[in-house]
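S.K.: After the sequence you'll find the predicted model.
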Amino acid sequence: MKQTLSKRKRAVLEVMSKPKTPAEIRKQIGLKRGNNLSSTIKELVSLGLIYCLNPNAVVGKLYGLTIKGQKRRKKAGFRNYSQLNGMNWKVYGWVICGKQKKAILRAMSVNMPLKYIKERAQEYNPRISRTNANDILQLFVRKRLAIKIRNSNRVVFKLTKTGERIKEQLIKP
């Protein structure tokens, strides 16, 4: 028996062009906080259309489409779904759940000192201080998203391949 989807479930499938957090889904379909999106997500999980990519994460849970969900999405005429294989979804979820972490990641390019990373990150989030930027960069180094390079009397930061992949996914719609 073919089941028709409610307007909200259909809207969730429509915005799922890549794995997303409930907050990203809520924002893209125009729901205000407090609207019970979590029950819609649970129903889509029980229908086998979506699944949690990082079920043990406390913050930054990510939901992606199953094969069945991708087929249903394609049949409904929505654009292609993109999910990178081999992505560390726990780290990706950790990055995207923080405005300052996202701003720092977006700001980073090849071998940049803290000062320039902070200045560029302030274009995305004006509330970032030098201390915030430094703390986040140290966390990025610990989580292997960036490396710290010491050149004579100067320290620069560079994204690792994992950091580059997460940044790439972050800037896609």
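M.R.: Good, I have the coordinates.

S.K.: Packing partners of the helix ranked longest in the chain?
M.R.: In the chain, assigned by DSSP state H, the helix with the most residues is helix 130-142. Contact partners of helix 130-142 among helices and strands, from 3 or more C-beta pairs under 8 Å, 6 or more residues apart in numbering; DSSP states H and E: helix 99-107, helix 114-124, strand 146-151, strand 154-159. Where C-beta positions appear, they are placed from N, C-alpha and C, glycine not excepted.

S.K.: Pick the most buried one from these.
M.R.: Comparing the helices and strands packed on helix 130-142 by mean neighbour count (mean count of other C-beta atoms under 10 Å), helix 99-107 ranks first with a mean of 21.

S.K.: so how far is it from its chain's centroid?
M.R.: Distance, stretch centre to chain centre, for helix 99-107: 11 Å (C-alpha atoms, centre = their mean, to the nearest Å).

S.K.: Can you tell me what sits against the helix or strand hosting residue 166?
M.R.: Counting by DSSP states H and E, the element that carries residue 166 is helix 161-171. Residues outside helix 161-171 that contact it (C-beta atoms under 8 Å, 6 or more residues apart in numbering): 18, 84, 87-88, 91-92, 95-96, 102, 105-106, 108, 140, 144-146, 159.

S.K.: List the buried residues in it.
M.R.: 162-163, 165-167, 169 (16 or more other C-beta atoms under 10 Å).

S.K.: if you average pLDDT over it, what comes out?
M.R.: On average, the pLDDT along helix 161-171 is 87.

S.K.: Tell me what angle that helix forms with strand 146-151.
M.R.: 120 degrees (axes from the mean of the first three to the mean of the last three C-alpha atoms, to 10 degrees).

S.K.: Helix 161-171: how far from the chain's middle?
M.R.: That offset, for helix 161-171, works out to 9 Å (C-alpha atoms, centre = their mean).

S.K.: CA atoms only for that helix - export them in PDB, please.
M.R.: Written as PDB, here are the backbone C-alpha positions of helix 161-171 (Å, rounded to 0.1, in the frame of the first residue of the first chain):
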ATOM      1  CA  LYS A 161      41.500  17.300   4.100                       C
ATOM      2  CA  THR A 162      38.800  16.500   6.600                       C
ATOM      3  CA  GLY A 163      38.400  20.200   7.400                       C
ATOM      4  CA  GLU A 164      38.300  21.000   3.700                       C
ATOM      5  CA  ARG A 165      35.500  18.400   3.100                       C
ATOM      6  CA  ILE A 166      33.400  19.800   6.000                       C
ATOM      7  CA  LYS A 167      33.900  23.300   4.700                       C
ATOM      8  CA  GLU A 168      32.800  22.200   1.200                       C
ATOM      9  CA  GLN A 169      29.600  20.700   2.600                       C
ATOM     10  CA  LEU A 170      29.000  23.700   4.800                       C
ATOM     11  CA  ILE A 171      28.900  26.100   1.900                       C
END
